[in-house]
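Novice: Got a sequence here, can you build the structure:
(one chain, ligands or ions: 1)
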Amino acid sequence: MHIKIKKVGIVGSGTMGRGIAQVFALFDYPVILVDKEETILQEALNKVRSHTEPELWDKVSGHIETSTNFEKIKDCDLIIEAVFENMDVKKEIFVALNKVCKNDAIIATNTSGFSINKLAEAVENPSRFIGMHFMNPPKVIKLIEIIKGKKTSGKTLKIITDISKKIEKTPAVVNDSPGFVSNRLLFALIGEALQLLEKGVADKEDIDTVMKHGMNHPMGPIELADFIGLDICQNIMIYLHESLGEDKYKPTEMLNYLVKEGKLGRKSGEGFYAY
Ligand code: NAI
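Specialist: Reported below is the predicted structural model:
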């Protein structure tokens with residue numbers, strides 16, 4: 001038996017939810033985009049429009065229906081949760097989804113770090129629950145990190161891998177583990193770069209230059225930390241340090257200081273660099 005994904009529900013219309021909606025709409029999937037308030041949904045649509053080629057807007061907007069009513073999700077075959085990175089908020093969403101969605105609908109989460117096994121505790125029939133970790137911005141970045149929980153079925157994994165390819169993404173399947181593969185590798189690099197900076201081995205420009213021009217990375221690790229947001233980096237590093245007990249993930253004093261000062265990187269106008 002193979003369910004076909006005909007309609008996609010997305011909960012949360014922030015940076016990721018609206019971007020994921022745009023991707024599915026570009027590939028002609030009808031999408032229901034749900035959030036708490038009409039104004040948030042309107043703002044989300046405006047943002048999607050500003051990142052869509054004008055000639056594609058009719059198609060994209062024609063495929064995205066917005067709603068503040070969870071009931072609208074009831075006929076979706078795949079629901080992707082993309083609300084705040086808060087365990088309680090996410091679990092509340094899954095409890096609400098249990099009530100409205102079809103028994104065999106797949107429920108995916110875009111969490112960037114929470115344990116899929118832990119989140120699955122709130123899902124009825126966790127064999128249909130999986131991590132579908134899109135990167136920002138979803139339209140541009142090819143990777144979808146697919147996270148298999150202990151109870152995720154082979155059928156769920158196959159359907160999600162197949163649909164990821166249909167929307168022209170490149171899936172990588174990983175088991176549930178703190179930070180999955182993406183953040184564990186990324187923050188090993190960023191963490192080491194921040195240690196080098198703090199220990200005075202090189203200044204930030206030179207550290208970034210080594211990775212940009214030596215390893216062909218499009219951005220240096222310190223520039224990248226500013227781009228991600230230093231508060232988000234700090235949270236992820238605290239989580240990885242606590243979960244894995246490895247000092248390479250421990251936020252450095254300089255990172256903690258900048259966050260405390262509200263210097264959060266690109267979004268606040270200053271971080272390690274000034275913008
Ligand atoms: P965001 O803060 O931009 O958007 C979250 C949205 O969820 C908001 O529009 C909010 O109104 C909505 N929301 C909150 N509670 C809700 C509820 N009960 N019902 C309906 N909507 C609700 O967050 P963002 O950045 O889009 O992140 C979403 C998820 O994606 C998080 O788990 C995050 O860790 C993950 N992620 C974020 C990335 C990023 O670069 N921003 C990259 C990859 C994953």
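Novice: Would you state the strands of the stretch 1-150 of the chain in chain order?
Specialist: Per DSSP state E, counting those that start in this stretch, the stretch 1-150 of the chain carries strands over the ranges 8-11, 31-34, 64-67, 78-81, 106-109, 129-134, 143-148.
Novice: looking at the ones you listed, which is closest to residue 269?
Specialist: Ranking the strands of the stretch 1-150 of the chain by proximity to residue 269 (CB to CB) places strand 129-134 first, at 26.9 Å. Where you see a C-beta, it was placed from the backbone N, CA and C, and this is true even at glycine.
Novice: Quick one: mean pLDDT over the closest one.
Specialist: Across strand 129-134, pLDDT averages out at 98.
Novice: same thing with stretch 257-271?
Specialist: On average, stretch 257-271 scores 97.
Novice: ok, and does that stretch reach over to the ligand?
Specialist: No. Applying CB under 6 Å from any ligand atom, one finds stretch 257-271 separated from the ligand by no less than 10.7 Å.
Novice: for that stretch, which positions count as buried?
Specialist: Going by neighbour count (16 or more other CB atoms under 10 Å), the buried part of stretch 257-271 is 258, 259, 263, 264, 265, 266, 268, 270, 271.
Novice: and the third one, helix, strand or coil?
Specialist: So the one you mean is residue 263. coil (DSSP: H, G, I helix; E, B strand; the rest coil).
Novice: For it, list the residues it contacts.
Specialist: Residues in contact with residue 263 (CB atoms under 8 Å, 6 or more residues apart in numbering) are 230, 270, 271.
Novice: how far away is residue 114 from residue 156?
Specialist: Look at residue 114 and residue 156: by CB to CB, to the nearest Å, they are 18 Å apart.
Novice: Ok, residue 7 next?
Specialist: Distance, residue 7 to residue 156, using CB to CB: 17 Å.
Novice: And for residue 222?
Specialist: Separation of residue 222 from residue 156 (CB to CB): 38 Å.
Novice: same check, this time on residue 116
Specialist: Using CB to CB, one obtains 11 Å as the distance from residue 116 to residue 156.
Novice: How about residue 65?
Specialist: In this structure, residue 65 and residue 156 are 25 Å apart, going by CB to CB.
Novice: between those two, who's got more neighbours?
Specialist: residue 156 (23 against 16; other CB atoms under 10 Å).
Novice: what number of residues lie near the nearest residue to residue 35 once chain neighbours are set aside?
Specialist: Spatially, and ignoring its direct neighbours in sequence, residue 35 is nearest to residue 13 (4.2 Å; CB to CB, 6 or more residues apart in numbering). By other CB under 10 Å, the residues close to residue 13 number 28.
Novice: Ramachandran angles for residue 13?
Specialist: phi -110, psi 30 (degrees, to the nearest 10).
Novice: That one contacts residue 66, correct?
Specialist: Yes. The criterion here is CB atoms under 8 Å, and residue 13 meets it with residue 66 at 7.2 Å.
Novice: who touches both of the two?
Specialist: Counting by CB under 8 Å, 6+ apart, the common neighbours of residue 13 and residue 66 are 33, 34, 35, 41, 44.
Novice: Weed out the non-buried ones from those.
Specialist: Buried, going by 16+ other CB under 10 Å: 33, 34, 35, 41, 44, out of the shared contacts of residue 13 and residue 66.
Novice: This completes my enquiry, with thanks.
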